[in-house]
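> Sequence first, predicted coordinates after that:
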Amino acid sequence: MARDIIEVQYPELDHTESVANIGITTKTVVQANGITIKDAFSNKNNSLFIVITNSGESSSALTVKAGDAYPNSMLGDIVIELPAGISAIQLQDLSRFEKADGSIDLDFKTGFTGTIFAIAKWAGVREV
């Protein structure tokens, strides 16, 4: 299966105003493809949020796939209910889901329609 890829979006901090702002770009989910969040764990600070809009009239489900980078991936996939509307998901056991390339895979229940984006705070030093 060829997954659709999204990237984590990071806010820009305006130091003069003590405000972080981000213009969000959403991706329409093609249920049959699933989603890979590229470099999902490069921030390594537990600030990753996955925001999903379930456009359907009833609840659906999201499967967060177990990774292949750490031993606790043996705990397996986890299924999360997605009620109609907007859900913000924060993963606490990142290593359970992290793939060797730092990404994470998500699958959606058959019939799911909606959008997705991922945001996080940057915790590393950026190149100038």
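Nice, thanks for sending it over. Please read these numbers as outputs of a predicted model, since none were measured by experiment. Numbers count the residues shown, from 1 in each chain.
> for this protein, which residue is closest to the average position?
Nearest to the geometric centre of the chain sits residue 50, at 3.8 Å (Cα atoms, centre = their mean).
> Give me the spatial nearest neighbour of that one, chain neighbours excluded.
residue 89 (4.5 Å; Cβ to Cβ, 6 or more residues apart in numbering). Any C-beta I mention is one placed from the backbone N, CA and C, and that applies to glycine too.
> quick one: what helix or strand has the one you found in it?
Secondary structure assignment for residue 89, by DSSP states H and E: strand 85-90.
> Report the contact partners of residue 108.
By Cβ atoms under 8 Å, 6 or more residues apart in numbering, the contact set of residue 108 is 29, 31, 34-35, 60-63.
> Tabulate those residues in JSON lines, adding columns for pLDDT and secondary structure.
Putting the contacts of residue 108 into JSON lines (pLDDT from 0 to 100; DSSP: H, G, I helix; E, B strand; the rest coil) gives the following:
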{"residue": "29", "pLDDT": "97", "secondary structure": "coil"}
{"residue": "31", "pLDDT": "96", "secondary structure": "coil"}
{"residue": "34", "pLDDT": "97", "secondary structure": "coil"}
{"residue": "35", "pLDDT": "98", "secondary structure": "strand"}
{"residue": "60", "pLDDT": "97", "secondary structure": "strand"}
{"residue": "61", "pLDDT": "97", "secondary structure": "strand"}
{"residue": "62", "pLDDT": "97", "secondary structure": "strand"}
{"residue": "63", "pLDDT": "98", "secondary structure": "strand"}
